Every structure is written in structure tokens, then in C-alpha cells.
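In: Okay, sequence plus prediction incoming.
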Amino acid sequence: KPNPNLEYLVREYEEFIEKVTDFFVYEKLCKGLKFDTDYLSSKNIEEFSLFIGKYQQLENFYDSGYFLSRGINDSNDTGFTIHTNHLDSLIDFLGYKNNGKNIIINGNVGDGIGEEMKKGTININGNARDNLGCLMQNGKITIKGNSGDWVGWLMKNGNITINGNVEHAIGQLMVNGTIH
């Protein structure tokens, strides 16, 4: 049976992912993106994260994290679970500008997780690539696996805990906060 909540998110996503080509286009698109918050429950966003795999062949699929993060930030709910363990392609920028939400990510993620995060938590049950917690203002990121380069780059405050290894460059130009 069709799910109108998922159908709404899919329509919005298809329009978004067709247009987004980089960060600057994303910022411009976000100014015009007006989600109907009735569709942004944590359950709907979790279901969408399971559905999104059919778009992996798109060249800019990695930018899907911007879309998911915007939906999470605009939602009235506070706790979210995102599934990436079924994906072959990694999603970047999950938790982008997190404004106090508690996000659990089951699976591996790409670059920029928790970038410009203001508050809240991100728990990653997997590995992350580069720029974990980049420009982070506050909050807490915990990763059960490994991370790539530039963890906490330009971090202003907050806490990052990595239970695996980091490739290089931890806390470069970091102002405050802790990285374990």
C-alpha cells in the first residue's frame, strides 16, 4: 500500500537531488526549500533512509546527507535513526548544522558528518571518511569505527569520541572541545 509520507519525501528529494551540484547550490536551494513538517517525523525520515538506496547511481548521491539533515533539523521530533548499512555509496554531510537533534546512524558514512553542528548528538555505528566534526560549534559525536582525515578541523567546541583509528590530522586549528 502506498505511503503518502514517503511519497512526499521522495518527490521533494527527487527535485532536490536533480538540482544540487555542490555546497553553494545546496545553500541556495535550502533558502527556497519549505518542508511540510507534518511529513518530517523521525519514523518517516528513517523509512526514507531505507528507500534512498535506489538513487545510488546518481553522480551526486553523496549530497543526499544535506537533504536528510535539512529534514531532521526542520522536524519537530528530536530522535532519529538513519540507515546506511544497505548502501554501496556513502552519504556525506549527515548531521549538517545539527541544531539539537539526537541522530543514530547505522552503517558507514562519507565526509563532513556533523559539520557546523550546533548541539545534539550523532552516534555512528560504522566508519566515517574525512572531516568528521569539521567546524563543529557544540554537541557530541561518537563513532564506533574508524575515521579518515581532518577530525575536528576548525572545531569551536564539543566532544568527539572515536573508538577506532584516525588516518591523519586530528584537531587541526581547533579552538576548544575534546577529541578522544
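Out: Sure, I can see it.
In: how about low-confidence regions in the chain?
Out: Along the chain, segments meeting pLDDT under 70 span 1-2.
In: run the last query once more with 50
Out: Along the chain, the model assigns pLDDT under 50 to no residue.
In: Helices of that one, start to end?
Out: For the chain, the helices defined by DSSP state H cover 4-19, 23-32, 42-51, 64-74.
In: Go through those helices and pick out the most buried.
Out: helix 64-74 (a mean of 24; mean count of other Cβ atoms under 10 Å). Every residue, glycine included, has its C-beta placed from N, CA and C.
In: how far out from the middle of the chain is it?
Out: Taking Cα atoms, centre = their mean, to the nearest Å, one finds the center of helix 64-74 at 7 Å from the center of the full chain.
In: how about the CA coordinates for it, as PDB?
Out: Output of helix 64-74 as PDB, limited to C-alpha atoms (Å, rounded to 0.1, in the frame of the first residue of the first chain):
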ATOM      1  CA  SER A  64      21.800  13.200   0.000                       C
ATOM      2  CA  GLY A  65      23.000  14.000   3.500                       C
ATOM      3  CA  TYR A  66      22.200  17.600   3.000                       C
ATOM      4  CA  PHE A  67      18.600  16.700   2.300                       C
ATOM      5  CA  LEU A  68      18.300  14.300   5.200                       C
ATOM      6  CA  SER A  69      20.000  16.800   7.600                       C
ATOM      7  CA  ARG A  70      17.600  19.600   6.500                       C
ATOM      8  CA  GLY A  71      14.600  17.300   7.100                       C
ATOM      9  CA  ILE A  72      15.900  16.300  10.500                       C
ATOM     10  CA  ASN A  73      16.600  19.900  11.500                       C
ATOM     11  CA  ASP A  74      13.200  21.000  10.400                       C
END
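In: Fine by me, we can end here.
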